[in-house]
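*Asks:* let's see this in three dimensions:
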Amino acid sequence: MQAERFIKGRPLTLSVLDYGLFKVRSDGRVIGICGFVICTDAGETILIDTGFPEKYAMDKKAASTKDRLYEFGEVLECGPENLPVAQLAKLGLAPADVTLHICTHSHIDHVGGLGSFPGVPILISTQERALARPLYWGGMQPLDWPDRDYLEVEGDVLIGPGLNVLAAPGHTPGQIALMVDLPSGPFLLTSDAISRPAEINEEFPGSWNRAAAIASADRLMKLADKRGAFVIFGHCPAQWPKLRKAPSLYG
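*Replies:* Numbers count the residues shown, from 1 in each chain. Now for the predicted structure:
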């Protein structure tokens, strides 16, 4: 399927989804796990990322033990209310309303519901989709790619009026970001291409490719500055409490 101009309407609203909280073991920072919903003036609903797998909402300790995620940190909050279906419900939406599912990259806190929306095409970078399995975390790769129609993108792609997918490799081979032109102005969703501003000065330790991550972040921030965009970072502890969460929205 072709990704270009797949979406027909202009972005009307942007909602931040609350998929829970995670405490990073190395430095103790507490990060929000986020997704997004974009609704267009043509009645389309775009879901971006899906948080942790459902098993974490059922028993986060058992799930963390099985995945050895405790080696990286602790899932502080992830209940049934933090799953995509519950977050969509806060906006008065059901899974059947989702027009497109965008996967920014394939780490554990972004692909938990990758297979949860049958019949909905998944937009993902060609580089990420080419991986044998979703990256998940730390060498653990229990997920298969679900049987879906995939809209694979390479480079920057305009998928609809005012909705640009931006190539931002470095954190993972196929990391993507999005520039969303809302009625109030442009919003840049960096995803984990820039998890927090301090990461820029730290030069992205632990990335798949640090040089690529540095270059991607530099490009994204220059673009945000040029457009005067409001930047929502992937996991910024200082920004997370200030963001409007569903059912509130940006428009």
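
*Asks:* buried residues of stretch 60-75, list them for me.
*Replies:* Lys60, Ala63, Ser64, Asp67, Leu69, Phe72, Gly73, Val75 (16 or more other CB atoms under 10 Å). (Each C-beta comes from the backbone N, C-alpha and C, glycine too.)

*Asks:* no, scratch that, I was asking about stretch 215-232
*Replies:* For stretch 215-232, the buried set under the neighbour-count rule, 16+ other CB under 10 Å, comprises Ser216, Ala217, Arg219, Leu220, Met221, Leu223, Ala224, Ala229, Phe230, Val231, Ile232.

*Asks:* kindly report the same for stretch 71-91.
*Replies:* 72-73, 75, 77-78, 82-84, 86-88, 90-91.

*Asks:* tell me which stretches of the protein form strands.
*Replies:* For the chain, applying DSSP state E gives strands covering 11-24, 30-40, 45-48, 73-77, 100-102, 122-125, 150-153, 157-160, 163-167, 176-182, 185-191, 230-233.

*Asks:* in CSV, list those strands along with distance to Arg210 and mean pLDDT.
*Replies:* As requested, the strands of the chain are exported to CSV (distance: least, CB to CB, whole Å; pLDDT from 0 to 100):
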stretch, distance to Arg210, mean pLDDT
strand 11-24, 18, 98
strand 30-40, 20, 98
strand 45-48, 25, 98
strand 73-77, 21, 98
strand 100-102, 25, 98
strand 122-125, 19, 98
strand 150-153, 23, 97
strand 157-160, 25, 97
strand 163-167, 17, 98
strand 176-182, 17, 98
strand 185-191, 16, 98
strand 230-233, 18, 98
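
*Asks:* for Gly139, find the nearest of those.
*Replies:* Closest to Gly139 of the strands of the chain, according to CB to CB: strand 73-77, at 16.1 Å.

*Asks:* any regions of the stretch 151-251 of the chain where pLDDT drops low?
*Replies:* Counting by pLDDT under 70, not a single residue of the stretch 151-251 of the chain qualifies.

*Asks:* skip the chain neighbours and tell me the closest residue to Pro121.
*Replies:* Nearest residue to Pro121 in three dimensions, chain neighbours excluded: Asp149, at 4.2 Å (CB to CB, 6 or more residues apart in numbering).

*Asks:* which ones are touching His171?
*Replies:* By CB atoms under 8 Å, 6 or more residues apart in numbering, the contact list for His171 reads His105, Ser191, Asp192, Ala193, Ser195, Phe204, Ser207, Trp208, Ala213.

*Asks:* please redo it, this time with the cut-off set to 10 Å
*Replies:* 104-105, 107, 190-195, 199, 204, 206-210, 212-213, 216-217, 234 (CB atoms under 10 Å, 6 or more residues apart in numbering).

*Asks:* show the buried residues in the residues you listed.
*Replies:* Buried among the contacts of His171 by 16+ other CB under 10 Å: 104-105, 107, 190-195, 199, 204, 207-209, 212-213, 216-217, 234.

*Asks:* show me these that map onto helices.
*Replies:* Mapping the buried ones among the contacts of His171 onto helices (DSSP state H) picks out Glu199, Ala212, Ala213, Ser216, Ala217.

*Asks:* hmm, back to that, can I get the buried residues of stretch 71-91 in CSV with distance to Ser184?
*Replies:* Compiled in CSV, these are given as follows (distance: CB to CB, whole Å):
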residue, distance to Ser184
Phe72, 36
Gly73, 34
Val75, 33
Glu77, 29
Cys78, 31
Asn82, 27
Leu83, 29
Pro84, 25
Ala86, 27
Gln87, 22
Leu88, 22
Lys90, 21
Leu91, 18
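
*Asks:* in stretch 41-53, what counts as buried?
*Replies:* In terms of neighbour count (16+ other CB under 10 Å), stretch 41-53 has its buried residues at Glu44, Thr45, Ile46, Leu47, Ile48, Asp49, Thr50, Gly51, Phe52, Pro53.

*Asks:* again with stretch 15-25
*Replies:* Buried residues in stretch 15-25, defined by neighbour count with 16+ other CB under 10 Å: Ser15, Val16, Leu17, Asp18, Tyr19, Gly20, Leu21, Phe22.
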